[in-house]
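Chemist: Attaching a predicted model along with its sequence, questions to come.
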Amino acid sequence: MEKAKSVKVFCDDIRRTFPLPDTKIVDNNYRENTFCRLPHYWHCNDFPCRFESPSNYSGKSFYTFMDAVRSYTPAPERYIRVALLVGESCLTSILPELERSSDAVLMLDNDPCLLNVVVKSLEELQSTHSSLSEDLYLERISHSIVPIDSKQEFKDGYFHAKQHTKEFNPFFSEGRLSQVRSSARRISVIPVCVNAFSMDQMGTLKSLLSLHSVRINVINLTNLLEYHFPFFDDRINELAGVTLDEKKDLFEFHFNDLPLAQDAICGYSRVLQEPRFSKVTSSNDFWRDQIGYLKRLSCDDDWGVHNFFGSV
């Protein structure tokens, strides 16, 4: 009971510190708390893009991550166990498995529209009692949250993702829907609207994790690091509020000292450049992989800026 109270206090503190903006005040094509106009990424990228051949995408992607989460048994500890996911991360398809190993889920993104869609999805799932109601479920979400010019893109992306999540999708069967609905009612999923490359915002988040004795036992950065290299370009740094002295410490500050559990499941992906892949690794290897990954990206001087401004 005491653990449950601690989890509630932590979740309330996160919600209070990072209130989710109302999508009604968000411009159709603008992400709050960021520095350029970008499209909405409604669904996870841990599987091949629907516009490319799956043969161009290496690795088991979604199933690699799911296999690791399903077989994961965290060691008993006094810490609050948190799953930290960037973007949508197939949340509704992995929620029952996350619930077995996590006390709460943090959903990080700088797009309040996306985060509101995730919240609305969980609300609708809790009141959906038939796998035949999938179209109505999607219609309710897109009608209330998704901008008009993105509604078809949202639905197309959902069905593309469903092809890859298969039996884990909430509407695969009545049994799976019941599992997801029950998990959505029990576990706290907290949307955290932050710019992951803002030193102030990430510093605040990590302070809260430390204050509440949190350990991250599942983390999926998706392809977040593909947007890291542009921060070494002055055109973007000026807008992002990053000083010259801070540039060299960006990676270490934002990610390297997150409180990962020793046995944490760590996932990341690469989708903007060949070879495309998703990878799952241990916490011991995670940061070493990320640093090497950033060095490879930085070999192309134009790579980060080119992709950050949406030229791909």
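Modeler: Noted; the coordinates are in hand.
Chemist: for this structure, which spans come out with low pLDDT?
Modeler: Low-confidence segments of the chain (pLDDT under 70): 1, 23-39, 45-61, 146-149, 227-256, 273-275, 287-312.
Chemist: repeat that for 80
Modeler: Applying pLDDT under 80 to the chain flags the ranges 1, 22-62, 64, 74-77, 143-150, 197-199, 223-257, 269-279, 281-312.
Chemist: what about the strands in it?
Modeler: Ranges of strands within the chain are 57-58, 80-86, 104-109, 188-193, 214-220, 260-270, 276-282, based on DSSP state E.
Chemist: partners of the third one in the sheet?
Modeler: Strands that pair with strand 104-109, judged by DSSP bridges, come out as strand 80-86 (parallel), strand 188-193 (parallel).
Chemist: Check the fifth one too.
Modeler: The strands that strand 214-220 pairs with in its sheet are strand 80-86 (parallel), strand 260-270 (parallel) (by DSSP bridges).
Chemist: Make a markdown table out of those and add distance to residue 63.
Modeler: (C-beta placed from N, C-alpha, C; glycine too.) Putting the strands paired with strand 214-220 into a markdown table (distance: least, Cβ to Cβ, whole Å) gives the following:
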| stretch | distance to residue 63 |
| --- | --- |
| strand 80-86 | 17 |
| strand 260-270 | 12 |
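Chemist: Compare those and give me the one nearest residue 138.
Modeler: Comparing those against residue 138 with Cβ to Cβ, the closest turns out to be strand 80-86 (21.0 Å).
Chemist: now what about that closest one, what contacts it?
Modeler: Residues outside strand 80-86 that contact it (Cβ atoms under 8 Å, 6 or more residues apart in numbering): 3, 6-7, 10, 74, 91, 98, 101-109, 196, 209, 212-222, 224, 258, 261.
Chemist: What subset of these is buried?
Modeler: Burial by neighbour count, 16 or more other Cβ atoms under 10 Å: within the contacts of strand 80-86 this picks out 6-7, 10, 74, 91, 98, 101-109, 196, 209, 212, 214-222, 224, 258, 261.
Chemist: okay, the strands paired with strand 104-109 in TSV with distance to residue 140 next?
Modeler: Supplementary listing: those in TSV, determined by distance: least, Cβ to Cβ, whole Å:
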stretch	distance to residue 140
strand 80-86	23
strand 188-193	18
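Chemist: which one of the strands of the chain lies closest to residue 182?
Modeler: Nearest of the strands of the chain (Cβ to Cβ): strand 188-193, 13.6 Å.
Chemist: Out of the strands of the chain, which is closest to residue 129?
Modeler: Closest approach to residue 129 among these is made by strand 188-193 (20.2 Å; Cβ to Cβ).
Chemist: And the helices in this structure?
Modeler: In the chain, the helices defined using DSSP state H lie at 2-17, 62-70, 91-101, 112-126, 134-144, 151-165, 174-186, 199-211, 234-240, 244-247, 250-251, 283-297, 303-308.
Chemist: Would you mind writing the CA trace of the second one as PDB?
Modeler: By that I understand helix 62-70. C-alpha atoms of helix 62-70 as PDB (Å, rounded to 0.1, in the frame of the first residue of the first chain):
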ATOM      1  CA  PHE A  62       8.800  -4.500 -32.700                       C
ATOM      2  CA  TYR A  63       8.900  -8.200 -31.900                       C
ATOM      3  CA  THR A  64      12.500  -7.800 -30.600                       C
ATOM      4  CA  PHE A  65      11.300  -5.300 -28.100                       C
ATOM      5  CA  MET A  66       8.200  -7.300 -27.100                       C
ATOM      6  CA  ASP A  67      10.200 -10.500 -26.600                       C
ATOM      7  CA  ALA A  68      12.400  -8.700 -24.200                       C
ATOM      8  CA  VAL A  69       9.600  -7.000 -22.300                       C
ATOM      9  CA  ARG A  70       7.500 -10.200 -22.000                       C
END
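Chemist: Now do that helix: which elements does it pack against?
Modeler: If contacts are counted by 3 or more Cβ pairs under 8 Å, 6 or more residues apart in numbering; DSSP states H and E, helix 62-70 sits against helix 91-101, strand 260-270, strand 276-282.
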